[in-house]
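> Take this sequence and fold it.
(chains A and B)
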Amino acid sequence: QSALTQPASVSGSPGQSITISCTGTSSDVGSHNRVSWYQQHPGKAPKLLVFDVTNRPSGVSNRFSGSKSGNTASLTISALQAEDEADYYCTSFTNTRVFYFFGTGTKVTVL
Amino acid sequence: EVQLVESGGGFIQPGGSLRLSCAASGFTFSSYEMNWLRQTPGEGLEWVSYINSGDDTTYYADSVKGRFTTSRDNAKNSLYLQMNSLRVEDTAVYYCARKLYGTTYFDYWGQGALVTVSS
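Got it, this is the predicted structure:
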């Protein structure tokens, strides 16, 4: 296992909801709740959106929500806005020497 | 306001060395664990190294173990990454990121420093 699998791209119209999946294995995503999500605009640093599968840091819009089922974690963006157009990455902490697996990244396009 | 500002990136030939710095402000630096991560267009995001708040425990990704050394100076609110024996595949944007003890996520990241290794 070297990376978590995410769709390369997801798109939606303003006001719609979209969901980004993050698939790992029973050894990482499926074995604990240490999954987080980051948003990255071009040329900018990643920003923490969700931690421990479902929790949002202070200041992050409640339009972003996280969930998990089995070996797949998901990030849902509701009421899509133009400013949500960015790359999104999931990550899973692991107790192996790798420490962190990152997702392959998903480019969100607002139509 | 929490700020992490990386510096020291640049162009270096394979086999060379480079030292990155990360200047922290807006929070109690000595209370946080710090990490280096890197990002390439082809390989995406990769965790590189970790150092605990007390500067006595470090961990490294296998890809950099034995070549990179992370350290910190809590008096100067600074984090460092000494990179030796650089390879072409080390070319990336390097980010410093903070992590609170007991958590498994990075709540603030710096803007990144580009390191280009090429002959």
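
> my guess is residue B:50 meets residue A:93, correct?
No - using Cβ atoms under 8 Å, residue B:50 is not in contact with residue A:93; the gap is 11.1 Å. Just so you know, the C-beta spots here come from the backbone N, C-alpha and C atoms, and that holds for glycine as well.

> So for these two, which residues contact both of them?
residue A:99 (Cβ atoms under 8 Å, 6 or more residues apart in numbering or on different chains).

> The residue nearest the centre of chain B: what secondary structure?
Geometric centre of chain B, nearest residue: residue B:36, 2.8 Å, by Cα atoms, centre = their mean. Of the three states, residue B:36 takes strand according to DSSP: H, G, I helix; E, B strand; the rest coil.

> List the contacts of the closest residue to residue B:30 other than its chain neighbours.
Leaving aside its chain neighbours, residue B:30 sits nearest to residue B:74 (4.0 Å; criterion: Cβ to Cβ, 6 or more residues apart in numbering or on different chains). With contact set as Cβ under 8 Å, 6+ apart, residue B:74 has these partners: B:29, B:30, B:53, B:55.

> Which strands and helices lie in contact with the lowest-mean-pLDDT helix or strand in chain A?
Lowest on mean pLDDT, DSSP states H and E among the helices and strands of chain A sits strand A:100-102, with a mean of 87. Counting contacts by 3 or more Cβ pairs under 8 Å, 6 or more residues apart in numbering or on different chains; DSSP states H and E, strand A:100-102 packs against strand A:86-93, strand B:44-51.

> The residue nearest to the centre of chain B and chain A: what is the separation?
12 Å (Cβ to the nearest Cβ, to the nearest Å).

> Return the set of residues that bridge with that residue.
With DSSP bridges applied, the residues forming beta bridges to residue B:36 are residue B:49, residue B:96.

> what residues does chain B put near chain A?
Neighbours of chain A within chain B, by Cβ under 8 Å from any Cβ of the partner chain: B:44-47, B:50, B:59, B:61-62, B:95, B:103-112.

> Pull the number of nearby residues for residue A:14.
11 (other Cβ atoms under 10 Å in any protein chain shown).

> How much space separates the closest residue to it other than its chain neighbours from chain B?
Distance criterion Cβ to Cβ, 6+ apart; nearest residue to residue A:14, sequence neighbours excluded, is residue A:80 at 5.7 Å. Distance, residue A:80 to chain B, using Cβ to the nearest Cβ: 24 Å.

> still on that earlier bit, mind giving me the PyMOL command for buried ones among the residues of chain B next to chain A?
In PyMOL, a selection of the buried entries from the residues of chain B next to chain A looks like this (16 or more other Cβ atoms under 10 Å in any protein chain shown):
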select buried, chain B and resi 44+45+46+47+50+61+95+104+105+106+107+108+109+110+112
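
> So which bits of chain A are right by chain B?
For chain A, the residues in contact with chain B (Cβ under 8 Å from any Cβ) are A:3, A:34, A:36, A:38, A:44-48, A:51-52, A:57, A:89, A:91, A:93, A:97-100, A:102-105.

> can you rerun that using 7 Å?
Taking Cβ under 7 Å from any Cβ of the partner chain as the measure of proximity, chain A contacts chain B at A:3, A:34, A:36, A:45-46, A:48, A:51, A:57, A:89, A:93, A:97, A:99-100, A:102, A:104-105.

> Quick check: the two most widely separated of those residues?
Spanning the widest gap among those are A:57 and A:97, at 27.8 Å by Cβ to Cβ.

> So between the two, which is more surrounded?
More neighbours surround residue A:57 than the other of residue A:57 and residue A:97, with 14 against 10 (other Cβ under 10 Å).

> quick one: contacts for the more buried one?
A:48, A:51, B:107 (Cβ atoms under 7 Å, 6 or more residues apart in numbering or on different chains).

> That's all I had, so thanks and see you.
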